[in-house]
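Undergrad: need coordinates for the below:
(chains A and B)
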Number of protein chains: 2
Amino acid sequence: MPANLVPGNAVIGQSGGPTAVINQSLAGVVEGLRFGLHAAGHVKKILGMRHGVRGLTRGDFLDMTDMHQDILDRLAMTPSASLGSTRDKPDADYCRRVLDACRTHDIRYFFYIGGNDSSDTCRIVREMAVADNFDLRCFHVPKTVDNDLKENDHTPGFPSAARFVAMACMADFMDNISLPGIKINVIMGRHAGFLTAASALARRYDRNLNPHVVAESTDGPQLIYLPEVPFDIDRFLADADRVYSKKGRCHIAVSEGIQDKDGVSIGAKLIKGAQTDDHGNVQLSGSGALGDQLADLLKTRLTPAGGKPPRVRADTFGYIQRCWPDASVIDRIEARRSGRHAAMLAMQGHLDASVAIKRPGSGSVLWMGNDNGIPYVSEYARVELADIAAKTRHMPEEFIEGHNNVSRRFIEYCLPLVGDLPGFERL
Amino acid sequence: MPANLVPGNAVIGQSGGPTAVINQSLAGVVEGLRFGLHAAGHVKKILGMRHGVRGLTRGDFLDMTDMHQDILDRLAMTPSASLGSTRDKPDADYCRRVLDACRTHDIRYFFYIGGNDSSDTCRIVREMAVADNFDLRCFHVPKTVDNDLKENDHTPGFPSAARFVAMACMADFMDNISLPGIKINVIMGRHAGFLTAASALARRYDRNLNPHVVAESTDGPQLIYLPEVPFDIDRFLADADRVYSKKGRCHIAVSEGIQDKDGVSIGAKLIKGAQTDDHGNVQLSGSGALGDQLADLLKTRLTPAGGKPPRVRADTFGYIQRCWPDASVIDRIEARRSGRHAAMLAMQGHLDASVAIKRPGSGSVLWMGNDNGIPYVSEYARVELADIAAKTRHMPEEFIEGHNNVSRRFIEYCLPLVGDLPGFERL
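TA: Presented below is the predicted three-dimensional model:
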């Protein structure tokens, strides 16, 4: 046992948008502590923060030390952040209050499940604790449906949301064949296009890894627009016109975060009187405005002279994509293990860390989870908080094809994560 | 065997919005014909219309006579209308062309899977055939996620869409607890509120039939607005204010078809420059406009003097609610049987009919399908086309409670249809 372990309480919080598996990570940290630091007598109480650091600074805790394992297991299968989440993004002053609260409640182990902002909170609080000579150890557990954390092959929450997007686009594409027209689906991801890219799994061709099938897929979505590729409205209209003219229908996946070549959000450009949040961002989720504006554009600009406008519809998948109960099995397992891994790093005497999911190279022979024939296994690594904190990972170039598609490499990356998808028959 | 059977071909079509199980009904008709009229030599070819009556009038058919049963079974498990659907609502002239096409292709058995408009098409075509002394037998197979067909306990397609709505609201309610605010979900159903009402199944209390649990549920959605109850904007704002003030959050289900006391669509009132379809209806599905307008209203009117507006978000479930791949098992079975029953009625010598699903009274002792403890079994009856055609069924009064809720009787009606729902744990 490392000599440097310090006795005290542990606290766990959840931050940012909830996911289908963030409670798996919560259960993982609690289990990991029980089997490690708590069993060894270093950690006395295992406290849950209500609504993240907001609850911590108010002393609003749920004591999870003796929570029955059955409840923990059911909690893990429940989507959403059961402790309550927060959108608070602590500045130095706020982090000072976090540190004070930890001192007040004799907290020596701080676990925060969230995205890059949560990682940054861990980093700042840890630095302040070091400066204060207060032994508070800070651990970040990754979570984001956006999949935008550096150092990670992918992040817990993404595979389940990607599964929802793939299933929704599979079904909606069949709907679009039944009643043809132009259909736009707006998908989450303000800065990173991973979730929008997962719409490509809806294509039968892209689900089929047999290299002998023809490369030209007739399945939708035919057009995929990511925030990483500058969005040009005229090019978008020309793309849709080309597909619609050829097929009499067109299925389009658009990221809520699409932006023009100067980095200006298309949502902000199109939505008149758009509301902005505290960070100056236009509200894109929980609103159908971007999809509606793009649909109006298509209706107006693709109407033939003297003719009828095409049938154009837009759906915005909204919040249900991040908490849909049918989570990816792999995501459930990995989110749980990420939480346990953070507790293990603490037990090993680390003073701070983030956990990253890695995918070993082709040397690995282990298979896991699904039937699509792509070898898949994940590993858990300790990474520095500073390497994750407040940084954003984008779709790498090798995952992008042209200005309106994803590459084969992305399919091979994403397909093993989402679990088995239903098989559809098409006449 | 009835003496009056006439030799010829059979044709089957799908009409209106696709569902998760309309292909089950297609497979059911084909199977029923194969085992009956086709096996007996009365029906030569079993033809599928491409895109409903539109394809029929153009002679655009898919010959399904010898389609492999494996394909038929996989087709049945595929959401959407695999033959293609149509929004055409034939008038007398169009029906005349339908009849002519039947004569041209030696069609004597006409099957149409759809809602009340499709039933009306069957009725008109049948009447014209009788007047012409052409022996064409017309059968309607029920389908609509709106559940608005007369004479039916419920209609194929509704249970699966209700299942989607219940699951989405279950997960989204947990999301709303995680990150509190006011959340609006806009649900399909222009005239009938059944699908919006299914949001009530998201409430833990309403899923639990144990009479000993407290009657006052803290689960969401707390407010449910149906098209059957006149919608008053001020009352809506007061409702939301009351729940939000008390809980710090509010979960709301709204039908896209809500209307004021004069029958004017709230969507039409709120959405400036709203587009209308061929029938003069404002486009509500495939647009987030109604939800966005209601959200704006709440933000503006519930902002305290000098304070910040509440966090308000709106999602519109859109098209994915009707074709989501995880269909209700009971819905799959019933849609298949409805199709087979129509073929059986033809075999029995009926000249026209619609099929209706009935639920026997409390005398029935059979149980089926799920674990919620409500005895459930369905039966299939022949009903007159004229009793369904162009008529709309609304939520009966006994299913409605006050101006913003559904009754216990509705829960007992709907719960057995949707199949098992996931169990969530809540701290």
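Undergrad: C-alpha from now on. contacts and neighbour counts both.
TA: Noted.
Undergrad: give me every residue that touches A:G291.
TA: A:I184, A:N185, A:V186, A:A314, A:D315, A:T316, B:S287, B:G288 (Cα atoms under 8 Å, 6 or more residues apart in numbering or on different chains).
Undergrad: host element of it?
TA: helix A:289-301 (DSSP states H and E).
Undergrad: got the angle for that helix vs helix B:289-301?
TA: 130 degrees (axes from the mean of the first three to the mean of the last three Cα atoms, to 10 degrees).
Undergrad: buried sites along the helix or strand following helix A:289-301?
TA: Counting by DSSP H and E, the next helix or strand C-terminal to helix A:289-301 is strand A:312-316. Neighbour counts over strand A:312-316 (16 or more other Cα atoms under 10 Å in any protein chain shown) mark A:V312, A:R313, A:A314, A:D315, A:T316 as buried.
Undergrad: so who does the third one touch?
TA: Spelled out, it's A:A314. A:A314 neighbours (Cα under 8 Å, 6+ apart): A:K183, A:I184, A:N185, A:V186, A:G291, A:D292, A:A295, B:G286, B:S287, B:G288.
Undergrad: name every strand pairing with the strand or helix carrying the third one and say which way it goes.
TA: The reference is to A:N185. Take DSSP H and E as the rule and A:N185 turns out to sit in strand A:182-187. Applying DSSP bridges, strand A:182-187 is found paired with strand A:250-255 (parallel), strand A:312-316 (parallel).
Undergrad: quick one: the helices in the stretch 201-350 of chain A, in order.
TA: A:204-207, A:233-247, A:266-270, A:289-301, A:320-323, A:329-347 (DSSP state H, counting those that start in this stretch).
Undergrad: among those helices, show me which one is buried the most.
TA: Greatest average neighbour count among those goes to helix A:320-323 (a mean of 28), per mean count of other Cα atoms under 10 Å in any protein chain shown.
Undergrad: what's that one in contact with?
TA: Contacts of helix A:320-323 (Cα under 8 Å, 6+ apart): A:18-20, A:79-80, A:145, A:157, A:160-161, A:164-165, B:168, B:171-172, B:175.
Undergrad: what lies in contact with the helix or strand following the strand holding A:N185?
TA: The helix or strand immediately downstream of strand A:182-187 is helix A:194-197, counting by DSSP H and E. Residues outside helix A:194-197 that contact it (Cα under 8 Å, 6+ apart): A:145-147, A:158, A:161-162, A:165, A:187-189, A:224-226, A:253-255, A:394-395, A:405-406.
Undergrad: got it, and stretch A:400-407?
TA: A:A197, A:A200, A:Q222, A:L223, A:I224, A:Y225, A:L226, A:V229, A:P230, A:E398, A:F399, A:F410.
Undergrad: can you pull out the low-pLDDT segments for the stretch 301-427 of chain A?
TA: A:362-373 (pLDDT under 70).
Undergrad: do the same with chain A
TA: A:1-3, A:209-218, A:272-286, A:362-373.
Undergrad: where along it do the strands fall?
TA: A:8-14, A:43-49, A:61-63, A:107-114, A:137-142, A:182-187, A:223-225, A:250-255, A:312-316, A:352-358, A:379-383, A:400-401, A:405-406 (DSSP state E).
Undergrad: so the fourth one versus strand A:43-49, what angle?
TA: Here strand A:107-114 runs at an angle of 40 degrees relative to strand A:43-49 (the same axes, to 10 degrees).
Undergrad: now do strand A:107-114: which elements does it pack against?
TA: strand A:8-14, helix A:22-33, helix A:116-132, strand A:137-142 (3 or more Cα pairs under 8 Å, 6 or more residues apart in numbering or on different chains; DSSP states H and E).
Undergrad: so what touches the first one?
TA: This points to strand A:8-14. A:22, A:26, A:29, A:42-53, A:81, A:83-86, A:105-114.
Undergrad: what subset of those is buried?
TA: By 16+ other Cα under 10 Å, these give A:22, A:26, A:29, A:42-53, A:81, A:83-86, A:106-114 as buried.
Undergrad: need the buried residues of strand A:312-316 in a markdown table with distance to B:K261, can you?
TA: Output for the buried residues of strand A:312-316, formatted as a markdown table (distance: Cα to Cα, whole Å):
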| residue | distance to B:K261 |
| --- | --- |
| A:V312 | 31 |
| A:R313 | 29 |
| A:A314 | 29 |
| A:D315 | 29 |
| A:T316 | 30 |
